[in-house]
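> No letters, just coordinates:
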């Protein structure tokens with residue numbers, strides 16, 4: 001399992017993913033779930049993946065391969081809008097599923113890949129999509145400024161309470177880290193390292209990207225501060241009058 005989240009703000013985007021992959025309680029591994037495509041001044045595209053590792057890696061590899069072949073068709077590098085990129089991801093997902101499905105039918109493992117797609121292409125605003133395993137997708141907007149995939153339920157409450165379209169990138173970044181801290185406390189299938197990217201609207205380049213490893217001092221400070229703050233807020237709640 002994994003946890004990925006993308007937040008669409010008026011000032012830009014915040015995207016993050018964990019790196020834990022497991023096939024049982026005693027079989028854990030680390031794989032980066034964040035894939036980036038950048039051409040400074042033209043486009044920044046970020047993919048966060050969840051699902052079976054073989055499926056998500058195959059989809060990303062197919063997208064990269066198609067981007068290097070000159071066929072006249074749309075690719076990651078030639079798509080005119082992020083909506084077009086979402087279609088490219090969906091097409092790649094369906095192609096991989098059709099390729100692998102006959103061989104997986106007799107096994108308990110099924111094709112399962114989903115993505116969060118965010119970024120900006122020149123001459124359009126930043127956009128954020130959630131692409132489901134079936135290949136269909138939804139887009140974030142003013143009413144729903146954040147999208148999640150994977151083990152989302154533990155980190156959702158804090159984002160629900162904090163995030164609005166006008167939240168600053170700095171506040172949203174802290175909120176995302178608290179969301180991951182809450183998720184990792186409640187679910188062992190989500191874990192460090194955490195890959196975090198903060199994209200400023202219209203910059204068309206990735207200037208703020210960071211990986212948080214186990215024991216990171218800033219993440220530890222955020223975790224401790226949030227825990228202490230929650231306990232203090234709880235103590236200050238009025239007693240129930242029976």
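On my side now, so go ahead. From a predicted model like this one, the values you see are computed outputs, not experimental measurements.
> What separation is there between the residue lying farthest from the centre of the chain and residue 41?
Distance from the centre of the chain peaks at residue 242, with 45.2 Å (CA atoms, centre = their mean). Note on residue 242: its distance to residue 41, by CB to CB, to the nearest Å, is 65 Å. Quick note: C-beta positions are derived from backbone N, CA and C, even for glycine.
> Name the residues that touch stretch 173-185?
Residues from elsewhere that reach stretch 173-185, judged by CB atoms under 8 Å, 6 or more residues apart in numbering: 3, 5, 7, 14, 16, 18, 151, 154-159, 162-163, 167, 190-192, 194, 196, 198, 212, 219, 222-223, 226.
> What of stretch 210-222?
With CB under 8 Å, 6+ apart as the test, stretch 210-222 has contacts from 174, 177-178, 181, 192-196.
> Show me what whichever helix in the chain runs longest packs onto, helices and strands only.
For the chain, the longest helix by residue count, based on DSSP state H, is helix 82-104. Where contact means 3 or more CB pairs under 8 Å, 6 or more residues apart in numbering; DSSP states H and E, helix 82-104 is packed against strand 43-51, helix 53-68, strand 113-121, strand 127-131, strand 137-139.
> Make JSON lines out of these and add mean neighbour count and mean pLDDT.
Compiled in JSON lines, the helices and strands packed on helix 82-104 are given as follows (neighbours: other CB atoms under 10 Å; pLDDT from 0 to 100):
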{"stretch": "strand 43-51", "mean neighbour count": "24", "mean pLDDT": "96"}
{"stretch": "helix 53-68", "mean neighbour count": "18", "mean pLDDT": "92"}
{"stretch": "strand 113-121", "mean neighbour count": "25", "mean pLDDT": "96"}
{"stretch": "strand 127-131", "mean neighbour count": "23", "mean pLDDT": "98"}
{"stretch": "strand 137-139", "mean neighbour count": "16", "mean pLDDT": "97"}
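> Distance to residue 87 added to these, as CSV?
Shown next, in CSV, are the helices and strands packed on helix 82-104 (distance: least, CB to CB, whole Å):
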stretch, distance to residue 87
strand 43-51, 13
helix 53-68, 12
strand 113-121, 10
strand 127-131, 10
strand 137-139, 9
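> which of the contacts of stretch 173-185 are buried?
Burial by neighbour count, 16 or more other CB atoms under 10 Å: within the contacts of stretch 173-185 this picks out 3, 5, 7, 14, 16, 18, 151, 154-155, 158-159, 162-163, 167, 190-192, 194, 196, 198, 212, 219, 222-223, 226.
> going on from whichever helix or strand residue 171 is part of, what's the next piece of helix or strand?
Applying DSSP states H and E as the criterion places residue 171 in helix 169-186. Where DSSP H and E defines the elements, the next helix or strand beyond helix 169-186 is strand 194-200.
> Give me the distance from that following strand to the chain's centre.
10 Å (CA atoms, centre = their mean, to the nearest Å).
> What mean pLDDT does it get?
Averaged over strand 194-200, pLDDT sits at 98.
> same for it, what does it pack against?
Counting contacts by 3+ CB pairs under 8 Å, 6+ apart, strand 194-200 is packed against strand 12-17, strand 34-39, strand 43-51, strand 113-121, helix 169-186, strand 208-212.
> contact partners of that strand?
With CB under 8 Å, 6+ apart as the contact definition, strand 194-200 has outside contacts at 11-19, 32-34, 36, 44, 46, 118-120, 126, 169, 172-173, 176-177, 180, 206-212, 219.
> strand partners of it, parallel vs antiparallel please.
Sheet partners assigned to strand 194-200 using DSSP bridges are listed as strand 12-17 (antiparallel), strand 208-212 (antiparallel).
> Just the mean pLDDT for the longest one, thanks.
Averaged across strand 12-17, pLDDT comes to 98.
> from memory residue 40 sits against residue 205, does it?
Yes: here residue 40 reaches residue 205: they are 4.4 Å apart, a contact under CB atoms under 8 Å.
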